[in-house]
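J.: coordinates for the following, if possible.
(one chain, ligands or ions: 2)
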Amino acid sequence: MPSDFIRDIINEHNKNNRFGGRVHTRFPPEPNGYLHIGHAKSVCLNFGIAAEYKGLCNLRFDDTNPTKEEVEYVESIIEDVRWLGFDWQDRLFYASDYFEQMYDYAVQLIKAGKAYVDDSSADEIRESRGTLTEQGKESPYRSRSAEENLGLFHRMRAGEFEDGSRVLRAKIDMASPNFNMRDPVMYRILHAEHHRTGSKWCIYPMYDWAHGLEDSVERITHSICTLEFEDHRSLYDWFLDQLGVYHPQQIEFARLNLTYTIMSKRNLRQLVEKGHVSGWDDPRMPTVSGLRRRGYTPESIRTFAERIGVAKTDSTIEVALLEHCIREDLNKRAPRVMAVLHPLRVVIDNYPEGKIEELEAVNNPEDPSMGTRKVPFSRVLYIEQDDFMEQPPKEFFRLAPGREVRLRYAYIIKCVGVVKDKAGKVVELHCTYDPETRSGEAGSSRKVKGTIHWVSAAHALEAEVRLYDRLFTVENPGDVAECETVLNPDSLKTVTGYVEPSLAGATPGSRYQFERLGYFCVDLKDSSAEHLVFNRTVTLRDTWAKIAKKL
Ligand code: ATP
Ligand code: MG
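T.: Ligands and ions are numbered 1, 2, ... in the order given. Next up is the predicted model:
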């Protein structure tokens, strides 16, 4: 890996021995949603750095907020991080495991006169915080004695007070130019069930208080977080310094934003709850589980994370780069097969009825070791409707009345007749084939301009094919007040297609290139031997190449 500002900091620490040469990172998701591609960047960064420096990376649930659905989220996050290819060994932790320790640390601060119980209401606290130009006002409860504070804090924990009636605050500086230092709240009262601690606690620690302690307890060396926490770093440091405990280094980097994508968990949850998508793992979602169902490989996501690197200022990455990474990966690895998504029947008049030839097809020209397979050829085929035009322009090199085209791995055929329905729609073509032009045989050297794909009608398997496209019509849906108003109505079109018989029993999750159409994968949830379901991962058209040229 080329160096960047994070690796530079670590190298410096290793040189001056700040952490004795250790590198220990963590990925700390809050289990209040599924992981998305932004989180994946953070996963790759934290686990990647640990691996590079022969260090360790913990998976830690930052479950300081009690909410109901957490168990489902915890399970999905574990599955996703593992799928991305990372291993935390026996270091799976929960912030809630440290609640008792955090409480003791809070007592320590109270005893030292560095924290106090404030009876002000949330509104009063907000109003007294001041503004950018005006310093905050000290709370009337700020000068309580340590004994009084200890008694009240104990009673807060014992459940004697109502939600919102009191908080524990750090006693720092109401005149600080940094808002985060104006006596921030450390604990609030919340009589709520927690997915792991049940009803044991009715006070819950705030993020800024809890996070540094979690890092400290786990002896993290580099606590990597996103840029919005830059202004919180002095508070992170203050808490650890006051307690005199082990002190990691917080480092901030710019979060990932992607065009045509929303990354806020709140908005993603809304899409799910309002039924705009089928779930967190809908293949149109930017979640790791959605990308997996869409056909993305862990390798392509790791490559993407590596290519975008880390930066100190926010920017938006083209989603075309992510799509480029999956194309590049699948181009090398996915077997190519033939499938017809908008079938047009073709009868080859001079091909004997009942005759079947098994033609040899190459699985992936990029990788000869992937071998070949047989595809059946017979008198009645399906081709793609748009590979035929009745009145084609000159540059149309596919099929048209009187014109010739090569059928991939098979023969050159010529269109000699067109059958239409009452409405005038073309429903069947009659063709003749040239027996001297079978692919790979002597005589097959005769050239025509176009080659199209096909399947044998009697042998092809019917399949449900879900043609996914971008979920939003605008580049920056995150900036639109109601992102629901810019949903792409064509983000999913479902067709019944025909795939070559080699795909019988294709395993859910397996990925293919449908020749000339794009990359597709067998749906992980809905596909079965009786009912094949394919999801389109991406088309073959690489828009990144165009963008990259302009850069
Ligand atoms: P919330 O608003 O719910 O806090 P969050 O996206 O910050 O949402 P967390 O679960 O707190 O979610 O994030 C876990 C880790 O992933 C954090 O270290 C966070 O900095 C990182 N992360 C979250 N979003 C992105 C993103 N878009 N790009 C890079 N890292 C991210
Ligand atoms: Mg967060």
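
J.: just the buried residues of the lowest-mean-pLDDT helix or strand in the chain, please?
T.: Using mean pLDDT, DSSP states H and E, helix 543-550 stands out as the lowest-scoring helix or strand of the chain, at a mean of 75. Across helix 543-550, burial judged by 16 or more other C-beta atoms under 10 Å covers Trp544. (Each C-beta comes from the backbone N, C-alpha and C, glycine too.)

J.: do you know how far the closest residue to ligand 1 within the chain is from Phe253?
T.: Proximity of the chain to ligand 1 (C-beta to the nearest ligand atom) peaks at Gly38, 2.3 Å away. For Gly38, the distance to Phe253 equals 11 Å [C-beta to C-beta, to the nearest Å].

J.: looking at those two, which one has more neighbours?
T.: Comparing Gly38 with Phe253 by other C-beta atoms under 10 Å, the one with more neighbours is Phe253, at 22 against 18.

J.: list the contacts for the more buried one?
T.: Phe5, Ile6, Leu45, Ile224, Cys225, Thr226, Leu227, Val310, Ala311, Lys312 (C-beta atoms under 8 Å, 6 or more residues apart in numbering).

J.: for beta bridges, what are the partners of it?
T.: Thr226 (DSSP bridges).

J.: go on, Tyr433?
T.: Tyr433 has these beta-bridge partners by DSSP bridges: Ile413.

J.: need the helices for the stretch 151-300 of the chain, in chain order.
T.: Taking DSSP state H, counting those that start in this stretch to define them, one finds helices in the stretch 151-300 of the chain at 207-217, 233-243, 265-273, 288-294, 298-308.

J.: need the winner for burial among the ones you listed.
T.: Most buried of the helices of the stretch 151-300 of the chain, by mean neighbour count (mean count of other C-beta atoms under 10 Å): helix 288-294, with a mean of 25.

J.: how long is stretch 255-275 from one end to the other?
T.: 27 Å (C-alpha to C-alpha, to the nearest Å).

J.: now swap in stretch 448-459 and tell me
T.: Start-to-end span of stretch 448-459 (C-alpha to C-alpha) is 27 Å.

J.: now do that stretch, average pLDDT.
T.: Stretch 448-459 carries an average pLDDT of 97.

J.: pLDDT value on the residue of the chain closest to ligand 1, please?
T.: Gly38 is assigned a predicted lDDT (pLDDT) of 98.

J.: that one looks like it's in a strand, true?
T.: No - counting by DSSP: H, G, I helix; E, B strand; the rest coil, Gly38 is not part of a strand but helix.

J.: tell me if I'm right that it and Ala254 touch.
T.: No - using C-beta atoms under 8 Å as the test, Gly38 is too far from Ala254 to be in contact (10.6 Å).

J.: follow-up on the earlier one: for the least confident helix or strand of the chain, name the packing helices and strands.
T.: Under the contact criterion of 3 or more C-beta pairs under 8 Å, 6 or more residues apart in numbering; DSSP states H and E, helix 543-550 touches helix 319-333.

J.: those residues of the protein touching ligand 1, which are they?
T.: Applying C-beta under 6 Å from any ligand atom, one finds that the chain approaches ligand 1 through 28-30, 32, 38-39, 41-42, 225-226, 255-256, 263, 265.

J.: what subset of those residues is buried?
T.: Buried subset of the residues of the chain next to ligand 1 (neighbour count, 16+ other C-beta under 10 Å): Pro28, Pro29, Glu30, Gly38, His39, Lys41, Ser42, Cys225, Arg255, Leu256, Met263, Lys265.

J.: and the closest residue to Glu162 other than its chain neighbours, bridged to which residues?
T.: Nearest in space to Glu162, with sequence neighbours left out and distances taken as C-beta to C-beta, 6 or more residues apart in numbering, is Ile189 at 6.9 Å. Applying DSSP bridges to Ile189 gives these bridge partners: Ile203.

J.: OK, contacts around Ile189?
T.: By C-beta under 8 Å, 6+ apart, the residues touching Ile189 are Met156, Phe161, Glu162, Asp163, Gly164, Ser165, Arg166, Val167, Cys202, Ile203.

J.: how far away is it from Ala122?
T.: 11 Å.

J.: which ones are touching His154?
T.: Not one residue lies near His154 by C-beta under 8 Å, 6+ apart.

J.: tell me the pLDDT at Met1?
T.: 72.

J.: phi, psi for the nearest residue to Asp523 once chain neighbours are set aside please.
T.: Closest residue in space to Asp523, ignoring its immediate chain neighbours: Val533 at 4.1 Å, by C-beta to C-beta, 6+ apart. Val533 adopts backbone torsions of phi -130, psi 130, taken as degrees, to the nearest 10.

J.: ok, Val533 - how many residues close by?
T.: Using other C-beta under 10 Å, Val533 has 18 other residues around it.

J.: that one: what's it in contact with?
T.: Val533 is in contact with Ala463, Glu464, Val465, Arg466, Val522, Asp523, Asp526, Ser527, counting by C-beta under 8 Å, 6+ apart.

J.: bridging residues for it?
T.: Listed by DSSP bridges, the beta-bridge partners for Val533 are Glu464.

J.: excluding residues flanking it in the chain, which one is nearest Pro435?
T.: Tyr411 is the one closest to Pro435 (C-beta to C-beta, 6+ apart), at 7.1 Å.

J.: which SS class is Cys521?
T.: The three-state label given to Cys521 by three-state DSSP is strand.

J.: ok, it touching Thr297?
T.: No - using C-beta under 8 Å, Cys521 is not in contact with Thr297, being 9.5 Å away.

J.: what's the overlap in contacts for those two?
T.: Shared contacts of Cys521 and Thr297, defined by C-beta under 8 Å, 6+ apart, comprise Arg511.

J.: the two: who's more crowded?
T.: Cys521 (26 against 21).

J.: ok, that one - contacts?
T.: Here Cys521 is in contact with Arg293, Arg294, Gly295, Gly509, Ser510, Arg511, Tyr512, Phe534, Asn535, Thr537 (C-beta under 8 Å, 6+ apart).

J.: in a strand, Val416, correct?
T.: Yes - using three-state DSSP, the assignment for Val416 is a strand.

J.: and it, how many neighbours?
T.: 14.

J.: and it, how close does it get to Thr451?
T.: Counting by C-beta to C-beta - Val416 and Thr451 are separated by 19 Å.

J.: got it, and Pro66?
T.: The gap separating Pro66 from Thr451 is 61 Å, by C-beta to C-beta.

J.: cool, Gly371 as well?
T.: Taken as C-beta to C-beta, the span from Gly371 to Thr451 is 21 Å.

J.: what of Leu256?
T.: Between Leu256 and Thr451 the computed distance is 40 Å (C-beta to C-beta).

J.: next: Glu323.
T.: Look at Glu323 and Thr451: by C-beta to C-beta, they are 25 Å apart.

J.: again, but for Asp349
T.: When Asp349 is compared with Thr451 (using C-beta to C-beta), they lie 21 Å apart.
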